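> return a 3D structure for these sequence lines:
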Amino acid sequence: MEPVQVERFYLGCLAHASYLVASEGVAAVIDPQRDVEIYLAAAAGKGWRIEHIIETHVHADFVSGHRELADRTGAQIYLGAGSGAQFPHVDVKDGDQIQFGQCRLRFLQTPGHTIESICILMNDLGAPDRPGVLFTGDTVFVGDVGRPDLSANHSPEQLAAIMYRSIHEKVLTLPDDTQIYPAHGAGSLCGRQMSAESSSTIGKQRESNYALRARSSEEFVHLLTDNLPAAPEYFSQEVDLNRRGAAHVSELPELAALAAEDVLRRQSEGAVVVDTRPSQQFAAAHVPGSVHIALTGQYASWAARILGLNTELIIVGEDPEHVRESRLRLARVGLETVSGYLDEGIAGWAKSRRQLDSIPQITAQDLAELRAGEPERITVLDVREPGEVAAGAIEHSVAIPLGELKSRMGEIDREKLLIVHCKGGYRSSIATSLLRREGFRDVANLIGGYDAWKAAGLPGTAPVAGAA
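Numbers count the residues shown, from 1 in each chain. A predicted model of the protein is given here:
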């Protein structure tokens, strides 16, 4: 008898994990991403039928493919009671279960991240000695727990207190060898201290997860809500879209190839040009006024945070395949307002003999020499997160997290040369493009970011004790 199979799918650009669970030819998909071909192909390759689709909650940081997957397989969708979902589904509550082959999936209501949050306990009935597997969604991560500020009807403090009860009355009552498989990993906006590890056990998390070590509900609430960064504005729109059920990816309209004059016209009407090429290519030459978000990093998440879901976008990419991948990643977060792409990329713009813009790049040693010679002429802008800054920073720098930059540009002196950095260069390239777009002319990007500064042995502040 074959054991129950669990296959994990991970989208690095969204730090999102989904799962395919199968036994005796039948499968369930847990927390599917928007483009569902990966599950269909995996199931077809193994001879499995997808009959169940389970959402651990209504997601806020990505668009789920539950509607398309159900339409294409006939599978039933399951959600925790109280989700408000507007598509056909089964509301589940504590103790409800489904079984196929030797796989039993039992639902645990674990509100806190959201009111309808559930965890799913999997047992292999054909191997009673095999430890259980708990699919924790956004309730418990490896190293963290879900953020408690995504409800319009409950305060973060109320949700955190509810989550404490869910974890201690449901999750932590399971055996220590129970494996946990969360819906997100390091880099997700749904938590602050997530590990890069893909799985753990309840016993290990009981010992090492800072939130699970809280000695009381009051301490847990403070840990989760003190200095909690604001949730991105697009999260609420994402929830609404997931409650309705997103359109099939194949239903999205074809992108138009736009000549330079068409791009200029649409820019004048409010469209934003998004340049997805590597940072060095963008720095050397780009369409004036364009926003740089390289496809190599957390592209879709930053696009949604910075641009919102309703802005008309025009993509600049390296080639047609690059453009198609850019568009798909945007669709995964519900950003569907892409009207076209610059025909022939930046070469097409150059052929039109229109002006190109550029962003100077500066090395760590160059910055050190400038600060030594003319410190009063320079502002160093650090766009990393507060925890990163607390662990070490360039002396006398100004810290504004990238996610807050658009609303805080008034704090920056426009008369000084602005040197921007992050950890390695990805976020600072985004920041320099936003600053240039808003009229800052004397802007440069620190090559290699704070990592390069440290590697060169240049002076910075000492790490703050206990910093993240």
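
> all strands of the stretch 101-250 of the chain, in order?
Using DSSP state E, counting those that start in this stretch, the strands of the stretch 101-250 of the chain run over residues 103-109, 118-124, 133-137, 179-182, 200-201.

> low-confidence ranges, the chain, go.
Applying pLDDT under 70 to the chain flags residues 462-468.

> the longest helix seen in it - contacts with which helices or strands?
If you go by DSSP state H, the chain has its longest helix at helix 156-169. In terms of contacts (3 or more Cβ pairs under 8 Å, 6 or more residues apart in numbering; DSSP states H and E), helix 156-169 is packed against helix 217-225. Where C-beta positions appear, they are placed from N, C-alpha and C, glycine not excepted.

> chain center to the helix it packs on: distance?
In terms of Cα atoms, centre = their mean, to the nearest Å, the centre of helix 217-225 is found 24 Å from the chain centre.

> deepest-packed of the strands of the stretch 101-250 of the chain, please.
Among the strands of the stretch 101-250 of the chain, ranked by average contacts under mean count of other Cβ atoms under 10 Å, first place goes to strand 133-137 (a mean of 27).

> got the angle for that strand vs helix 156-169?
Counting by axes from the mean of the first three to the mean of the last three Cα atoms, to 10 degrees, strand 133-137 lies at 180 degrees to helix 156-169.

> strand partners (parallel or antiparallel) of strand 133-137?
Strand pairing for strand 133-137, determined by DSSP bridges: strand 118-124 (antiparallel), strand 179-182 (parallel).

> now render these as JSON lines, adding distance to residue 161.
JSON lines is the format used below for those (distance: least, Cβ to Cβ, whole Å):
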{"stretch": "strand 118-124", "distance to residue 161": "18"}
{"stretch": "strand 179-182", "distance to residue 161": "21"}
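
> for residue 420, which of those is the nearest?
Within the strands paired with strand 133-137, the stretch nearest residue 420 is strand 179-182; the backing value is 33.1 Å (Cβ to Cβ).

> first-to-last residue distance for stretch 62-69?
16 Å (Cα to Cα, to the nearest Å).

> typo on my end, it should be stretch 54-74
End-to-end distance for stretch 54-74, by Cα to Cα: 13 Å.

> picking that back up, residue 248: which of the strands paired with strand 133-137 is closest?
Once the strands paired with strand 133-137 are compared by Cβ to Cβ, strand 118-124 is nearest, at 25.6 Å.

> got the angle between that closest one and strand 103-109?
If you take the same axes, to 10 degrees, strand 118-124 sits at 160 degrees to strand 103-109.

> and the contacts of strand 118-124?
Outside strand 118-124, the residues that touch it by Cβ atoms under 8 Å, 6 or more residues apart in numbering are 3-4, 6, 21, 23, 30, 54, 56-57, 79-80, 92, 102-110, 130, 132-137, 139-140, 170-171, 174, 178.

> setting aside sequence neighbours, what's the nearest residue to residue 262?
Leaving aside its chain neighbours, residue 262 sits nearest to residue 340 (7.5 Å; criterion: Cβ to Cβ, 6 or more residues apart in numbering).

> quick revisit: can you lay out the strands of the stretch 101-250 of the chain as CSV showing distance to residue 319?
Output for these, formatted as CSV (distance: least, Cβ to Cβ, whole Å):
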stretch, distance to residue 319
strand 103-109, 43
strand 118-124, 41
strand 133-137, 37
strand 179-182, 35
strand 200-201, 40
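
> residue 229: which of the ones you listed is closest?
Distance to residue 229, taken as Cβ to Cβ, is lowest for strand 179-182 among the strands of the stretch 101-250 of the chain, at 19.7 Å.

> returning to that earlier point: any buried residues in the host helix or strand of the residue nearest to residue 262, and which?
Assigned by DSSP states H and E, residue 340 belongs to strand 338-342. By neighbour count on 16 or more other Cβ atoms under 10 Å, the buried set for strand 338-342 is 338, 340-342.

> what does stretch 290-310 give?
Within stretch 290-310, the residues scored as buried using 16+ other Cβ under 10 Å are 290-295, 297-307, 309.

> where's that stretch relative to the chain centroid, distance-wise?
Counting by Cα atoms, centre = their mean, stretch 290-310 is centred 11 Å from the centre of its parent chain.

> rewinding a little: who wins for proximity to residue 165 among the strands of the stretch 101-250 of the chain?
strand 103-109 (10.8 Å).

> neighbours around the nearest residue to residue 9 once chain neighbours are set aside, how many?
Distances taken as Cβ to Cβ, 6+ apart put residue 18 closest to residue 9, at 4.9 Å, once the chain neighbours are dropped. Neighbourhood size, residue 18 [other Cβ atoms under 10 Å]: 23.
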